[in-house]
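Peer 1: Model the following, please.
(2 chains)
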Amino acid sequence: MNHIVYMSRAVRPLSDQDLQELLDQCRRDNALHNVTGVLFYSHGNIAQLIEGESSIIDPLYERISRDGRHSNVTQLVNKPIPSRSFPDWSMAFHPLESEGFTALGGFLLPNQVPPTPESLTIADALLVDLVRQAVFGADTPTTPSPSLA
Amino acid sequence: MHDHQLQSILRHMPAGIATLLGPELRYGFVNEAMQMLLGGATPTGEPLAEHTGGLAADLLEVMQQVYETGRPYVAKAYPFSAPDPTDGVVAKRYFDLALEPLHDENDEPQGLLLFAVDVTGQEEARQRAHELSLETRRLDARLRVLSETAPQITFSVDTSGQYEYVSPQWYYFTGQPPTADLNAIWPLLIHPDDRLRVLYQADAARAAGVGWSFEYRMRRHDGQYRWMLSRALPELHAPDKPVFWHGAVTEVHDQRELAEALRRGEAELRFLADSIPQLIWTATAEGFIDYYNQHTGDYTGLSAQELGPTGWVALLDPTEQAAAARRWVHCVASGDAYEGLYRMRRHDGQYRWHIIRARQLADSRGLRWFGACTDVDDQHRLREVLQTQYDELARTNRDLDTFVYTASHDLKQPLFNLRGLFEELRRTATFQDSEQEQLLEMVDESLRQLDGTLQELAATVQDQRELAAPTEDLDLRSVLEEVLLGLRTQVHEAQATIDLELSAAPTLVYGRANLRSVLHNLLSNALKFTHPARPAHVQIATSLSETGQPQLTVRDNGLGMELRQDPFTSFQLFERQNPQVAGAGVGLYLVQRILDSRGGHLEVTSTVGQGTTFTVHWFE
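Peer 2: Coordinates of the predicted model:
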């Protein structure tokens, strides 16, 4: 079991439509391949953590890094983990019209992102907190990670 | 019939045909095309001048001339407003008009044959071509201006590598005369170390039919070799048939030098960072560490890969990790400098104290973090050892005080007994020798001194314990009066006058017992060393120092004393100021101790036989 964290920049701003399609597509594919994790998006900044068997997520990351919708894809970590820290795959962003989204499975508003799971090591929790801060900015009130509390 | 057929053909010809007869050029035969051209009004037999049908005056004039001279004429591309033969829209059209004189059998002028052929298509094409050539000339001029003013050399070479064109900048740069043979000179101006490579690369690119981009050094007019960037692209006349290569040579010397200096600077900085026996690292604006120096690997036993962007936090003592991580997240968000004292694990598992510091640098290349972890373990341990020793010393000191206090107290009783026994002895025993009376006096005096010394010893220890007593706002006059009340016997004995002048600083924030002790010692001192020839006069005054701190002076008119060089040594414990006067010498030492502990000091001036002045600086 491995996890990969990367950050990237969207080539152009993603619309609500784009985001919803991305959410649908990723949830379907990730559920099929037993990939869990979380994706943060805001103002063109993207960060994602994915966890799963390396035979699955390594080629998945390869495909992601070649996706034309984003660039400057930087892998921050790719290493073995003892167990999963995320129950499923979800996505946090600020839609322009949040009405239609709140009911969608796997969708979160940035300030609803649950605290970074305690099963992560402090170094990994720090990494997740830093990417979340890098994507949403320091001002977004988020629940601090209990392992850092 | 034959004639009729001919007429029919002529009538329907797509070219305009008309005959104009007689000197008045009356309309004769006019076919359909010509009728259309002339606007339809061509009544046979009527003179042309009355039905011009849109023919301009100049043309009528020329027709007349042709009739008279008998010399044919063709007016090329003559403009008419005429309907288009296909859609009938009236527009400007062009015709070649042939004016042919007609003669009768006797060769006399009979009229004119007018023949009009529509050449509108040709004429428009000609005009377009003309406009195009004007535009081409304009573009060419613009291109020339651009290529000759741009700060780079532009050139064209053919497939064999012969220069077709080079912009004037080449001559400015190289200093070569305009007559120079480009193909011969250019290769010679390339730096000898680059020449073969450049010629080969250009040749290979031409052979492959592709463009090129390479850098080389070229000799400038002043003999200096400068780095140039040469780029060219082929002009293809068929997908695989390049005919020319057009390109530009740009001077990139300064950029290259700069880039080189930057590369060198970075390499040197990295080398420096790798040589320092500290943990040095840099981080991105988001807070991810992207560089650890050599020593980090040596100390931790982990590679940069293993440490990763946040792995440093796992090196800290487990109890400190969460707080350190939280602090780092906060610093990255706020830009505050990071600083902390942490234990960091060495490769052998030993934790050593480190000061971790990181600061943010914002410049044109964006935001970055620079950090260092300094091993302060030895200093930290040394401080701990010193602290332990200090604690032990303080404890010993306290024990010593207790011992002195106890001893002085315990000695009181035997002394008291001794005095009682001595009094009893004096009362019961009788002495013959008168000198023995004096001896008794001396014993008595010694006993009294011993008693005094013991009391002062006890007081010293007692007061030292009170050094750290809390301070309060004290009225100097009331404390002084209290002290003087205690000393009333001595005041009386010395017949002393005491003057108080406290208005400059009437109150003082100090420990009450300390203040009393200071005043008591200074006053009893002044009353003790009185001059036998005059009554004692003690002046006590307050004042403010230059920095506004309260001061107290006690001036007497007593015996005075010889001061040594260093005034502070005169108050060592048990040092007697005046051997002929009773006193244990503990008093001034005690005053000194109290003032020291509160951050002040004691100053003394004295003239033997005239008096002594003590100045108390309560605070510095």
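
Peer 1: how about the helix or strand of chain B with the lowest mean pLDDT: buried residues?
Peer 2: Least confident helix or strand, chain B: helix B:586-597 with a mean of 76, by mean pLDDT, DSSP states H and E. By neighbour count with 16 or more other C-beta atoms under 10 Å in any protein chain shown, helix B:586-597 contains the buried residues B:586-595. (Each C-beta comes from the backbone N, C-alpha and C, glycine too.)

Peer 1: likewise stretch B:138-150?
Peer 2: Result for stretch B:138-150 [16+ other C-beta under 10 Å]: buried residues residue B:147.

Peer 1: now swap in stretch B:363-376 and tell me
Peer 2: B:368-369, B:371-375.

Peer 1: any idea which of those is closest to chain A?
Peer 2: residue B:369 (11.6 Å; C-beta to the nearest C-beta).

Peer 1: how about that closest one, secondary structure?
Peer 2: At residue B:369 the chain is in strand, as set by DSSP: H, G, I helix; E, B strand; the rest coil.

Peer 1: Setting the sequence-adjacent residues aside, check what's closest to the residue in the stretch 251-400 of chain B positioned nearest to chain A.
Peer 2: Nearest residue of the stretch 251-400 of chain B to chain A, counting by C-beta to the nearest C-beta: residue B:333, 3.3 Å away. What sits nearest to residue B:333 in space, not counting adjacent residues and going by C-beta to C-beta, 6 or more residues apart in numbering or on different chains, is residue A:138, at 3.3 Å.

Peer 1: which residues does the one you found contact?
Peer 2: B:332-334 (C-beta atoms under 8 Å, 6 or more residues apart in numbering or on different chains).

Peer 1: Just the pLDDT for it.
Peer 2: Looking at residue A:138, its pLDDT stands at 76.

Peer 1: Within the helices and strands, which one has it?
Peer 2: For residue A:138, there is no helix or strand it lies in under DSSP states H and E.

Peer 1: can you check residue B:231 too?
Peer 2: Using DSSP H and E, residue B:231 falls in strand B:225-238.

Peer 1: now residue B:164
Peer 2: Using DSSP H and E, residue B:164 sits in strand B:163-166.

Peer 1: Show me how far that strand is from its chain's centre.
Peer 2: In this view, strand B:163-166 has its centroid 48 Å away from the chain centroid, taken as C-alpha atoms, centre = their mean, to the nearest Å.

Peer 1: Quick check: residues of chain A near chain B?
Peer 2: A:7, A:76-77, A:79, A:121-127, A:129-131, A:133-134, A:138, A:144, A:147-149 (C-beta under 8 Å from any C-beta of the partner chain).

Peer 1: Please convert the buried members of those into PyMOL selection syntax.
Peer 2: Entered in PyMOL, the line below selects the buried ones among these, by 16+ other C-beta under 10 Å:
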select buried, chain A and resi 7+76+77+121+122+123+124+125+126+127+129+130+131+133+134+147+148
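
Peer 1: In strands, which of the residues of chain A next to chain B appear?
Peer 2: A:7, A:76-77, A:79 (DSSP state E).

Peer 1: May I have the phi/psi pair for the residue in the stretch 51-200 of chain B that chain A sits nearest to?
Peer 2: At 31.2 Å from chain A, residue B:152 is the closest residue in the stretch 51-200 of chain B, using C-beta to the nearest C-beta. Dihedral pair for residue B:152: phi -150, psi 160, per degrees, to the nearest 10.

Peer 1: Likewise for residue A:108?
Peer 2: phi -140, psi 140.

Peer 1: still on that earlier bit, which strands border the strand holding residue B:164, and is each parallel or antiparallel?
Peer 2: strand B:153-158 (antiparallel) (DSSP bridges).

Peer 1: and the angle from the strand it pairs with to strand B:225-238?
Peer 2: Strand B:153-158 runs at 40 degrees relative to strand B:225-238, counting by axes from the mean of the first three to the mean of the last three C-alpha atoms, to 10 degrees.

Peer 1: returning to that earlier point: next secondary structure after the least confident helix or strand of chain B?
Peer 2: Criterion used, DSSP H and E; the element after helix B:586-597 is strand B:601-607.

Peer 1: Following element in sequence after that next one, please.
Peer 2: strand B:611-617.

Peer 1: which neighbours does that following strand have in its sheet, and in what orientation?
Peer 2: Here, using DSSP bridges, strand B:611-617 pairs with strand B:550-555 (antiparallel), strand B:601-607 (antiparallel).

Peer 1: quick one, which of those strands is nearest to residue B:446?
Peer 2: Shortest distance between residue B:446 and those, using C-beta to C-beta, is found for strand B:601-607: 28.1 Å.

Peer 1: So which bits of the stretch 251-400 of chain B are right by chain A?
Peer 2: So far as C-beta under 8 Å from any C-beta goes, the stretch 251-400 of chain B lies against chain A at B:286-288, B:308-314, B:321-322, B:325-326, B:328-329, B:332-334.

Peer 1: which residues touch the one helix or strand residue A:32 maps to?
Peer 2: Using DSSP H and E, residue A:32 sits within helix A:16-33. Helix A:16-33 has contacts (C-beta under 8 Å, 6+ apart) with A:14, A:35-37, A:39, A:41, A:50, A:52, A:56, A:60, A:69, A:88-89, A:91, A:93, A:95-97, A:100-101, A:104-107.
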